[in-house]
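In: model the structure of this input:
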Amino acid sequence: METNTQAPEKFDALIIGAGQAAAPLAHALGEAGWKIAVVERKHVGGSCINFGCTPTKAMAASARVAYLARRAEEYGVRTGTVAVDLARVLARRNAIVDRFRDGIREGLECADKVELIFGHAAFEGPHVVAVQLNAGGSRRLAADHIFIDSGTRAAIPPIPGLEQVPFLDASSIQQLDRLPEHLLVIGGSYIGLEFGQMFRRFGSRVSIVQRGPQLMKREDPDVAEAVREILVEDGLDVYLNADVLGAGHRQRGDGVMLNLELPGGLVRLEGSHLLVATGRTPNSDDLNLDAAGVETDDAGNIRVNGRLETSVPGIYAMGDVKGGPAFTHIAYDDYRVLKQNLLKKGDATVDTRPAPYTMFIDPQLGRIGLTEAEAKESGRRILLAKLPMSQVARALETGESRGFMKAVVDADSGLILGGAVLGLEGGELMAMLQLAMMGELPYSCLRDAIFAHPTLAESLNSLFAAPEQA
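Out: Purely as a prediction, here's the structure:
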């Protein structure tokens, strides 16, 4: 970045990156009378709006319609041949993204005391930032309070030959206007599985390549295995314990090739397209954090305390760039913590907050609290409640009976410690478990509650009917 000797413009607060925590924080601080500058490199809304939650769930909705249409005869409905027009799927996706993005941008541009600046920000010192403007030129900004919300980007693994072949990431795969013949996916977690199932339903052949012994390494083995069975039933090929030795061009025609080492020997896997979904890396490396004295861990995540303050007083990090659970609702809670502490003189912290999440495969996987393995490792006496969705009336009535529900209960207090719901509307059912946990209701309250019939909620009666010692 070029040296600029102009005097810095003074603001009360500067926000670097317009992710999901940035906009509500800017509005709150502006309404409190602070003068705010928000610097964004490209698009407001962060990963959630631009290539994460919003666009992928819009595309997944199209994929689910195709899936149900192919199953129409199971419901006694006759349809013709089902075909997916990917260009129209993307047009719908883009319209939704534009609507959300424009709303956030207009809100910031119209907000009192808030200035939205498009450009690349980098620190010159602890409280001075230089911005190279997208429109040309530069500005120097100073503020006593600086908030970093710069997000993450796709992490690219060190696979020999990968840099020589065309590959997709979670963003670029959403720009395809023609269906892949055979999509290879490196990575068996949220991104890889959601896109893998989605494109299989669109009509592509899909192969998932996972390095470890199970999909979704942080989940309990029974949950991971049930997900694998669902994906295989949907027609995906899943390779576990698969080390990718190298990548290259397909021998015949355009496409890619992966050399895999499996427990049974070496395998060459060929496909038309390759999606690399092996995690995310923080956008912290080009902020010149050293000039400010802001510390990061070995992965580049900005270190923060429970109040989200970095190693430099007055500089905070929020959202995915600080590491930890990379979810929109976590970023939004970061905003709430900062608002409480800065504007209401509170003592809010992120240290003890729960991290619920839903993986939007179909059926959904909703998760809250401790896994079964974590509960056992804690040394508690625990009870385990488990119910297959094939015993849930509503799931059977709708023809969506795959998966199961599981909850971990403290045997001494009867309180729910955590749960996983792999099933129809799994995220919504998980939220009911979370509410019970928040209210410190013993599992017996859900066991004995009167829920309307026939709803998914009443399955909680059966889930907690007779939990067993684990």
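In: give me the packing partners of the host helix or strand of Leu193, helices and strands only.
Out: Assessed by DSSP states H and E, Leu193 sits inside helix 190-202. Under the contact definition 3 or more Cβ pairs under 8 Å, 6 or more residues apart in numbering; DSSP states H and E, helix 190-202 sits against helix 53-70, strand 182-186, strand 205-209, helix 221-233, strand 273-276, strand 357-359. All C-beta atoms are positioned from the backbone trio N, CA, C, and that covers glycine.
In: packing partners for the longest one?
Out: Meaning helix 53-70. helix 86-110, helix 190-202.
In: distance between it and the chain's centre?
Out: Computed by Cα atoms, centre = their mean, to the nearest Å, the chain-centroid distance of helix 53-70 equals 17 Å.
In: could you give the number of residues near Pro354?
Out: 14 (other Cβ atoms under 10 Å).
In: my read is that it contacts Gln434, right?
Out: Yes. The criterion here is Cβ atoms under 8 Å, and Pro354 meets it with Gln434 at 6.8 Å.
In: need the overlap of contacts for those two.
Out: Ile368, Gly369 (Cβ atoms under 8 Å, 6 or more residues apart in numbering).
In: tilt between the helix holding Leu193 and strand 205-209?
Out: 160 degrees (axes from the mean of the first three to the mean of the last three Cα atoms, to 10 degrees).
In: okay if I get the helices and strands packed on helix 53-70 as CSV plus mean neighbour count and mean pLDDT?
Out: Conversion of the helices and strands packed on helix 53-70 to CSV gives the following (neighbours: other Cβ atoms under 10 Å; pLDDT from 0 to 100):
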stretch, mean neighbour count, mean pLDDT
helix 86-110, 15, 97
helix 190-202, 24, 97
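In: looking at those helices, which is nearest to Thr371?
Out: With respect to Thr371, and counting by Cβ to Cβ, the nearest of the helices and strands packed on helix 53-70 is helix 190-202 at 15.8 Å.
In: quick one: contacts of that closest one?
Out: 56, 59-60, 62-64, 66-67, 84, 86, 89, 170, 173, 179-180, 183, 185-186, 206, 208, 210, 215-216, 227, 231, 234-236, 275, 277, 359-362.
In: starting at the chain centroid, how far to stretch 462-470?
Out: That offset, for stretch 462-470, works out to 31 Å (Cα atoms, centre = their mean).
In: does Leu446 lie in a helix or a strand, and which?
Out: Going by DSSP H and E, Leu446 is part of helix 443-448.
In: what residues sit buried inside that helix?
Out: By 16 or more other Cβ atoms under 10 Å, the buried positions in helix 443-448 come out as Tyr443, Leu446, Arg447.
In: kindly report the same for stretch 387-404.
Out: So for stretch 387-404, counting by 16+ other Cβ under 10 Å, buried means Leu387, Met389, Val392, Arg394, Ala395, Glu400, Ser401, Arg402, Gly403, Phe404.
In: same check, this time on stretch 42-56
Out: Under 16+ other Cβ under 10 Å, the buried positions of stretch 42-56 are 43-56.
In: tell me the mean pLDDT over it?
Out: The average pLDDT for stretch 42-56 rounds to 96.
In: can you give me the domain assignment for this protein?
Out: Following automatic domain parsing, one finds the domains of the chain at 9-64+82-153+281-343, 162-278, 363-469.
In: what about the longest one, start to end distance?
Out: In other words, domain 9-64+82-153+281-343. For domain 9-64+82-153+281-343, the first-to-last residue distance is 23 Å (Cα to Cα, to the nearest Å).
In: and Ala348, how many residues sit next to it?
Out: The number of residues packed near Ala348 is 18, by other Cβ under 10 Å.
In: that should have said Arg380, apologies.
Out: 17.
In: Arg153 contacts Gly279, doesn't it?
Out: No. With contact defined as Cβ under 8 Å, Arg153 does not reach Gly279; the gap is 10.5 Å.
In: any idea which element Gly246 lies in?
Out: Gly246 belongs to strand 243-249, assigned by DSSP H and E.
In: what are the buried residues along that strand?
Out: Neighbour counts using 16+ other Cβ under 10 Å place Val244, Ala247, Gly248 of strand 243-249 among the buried residues.
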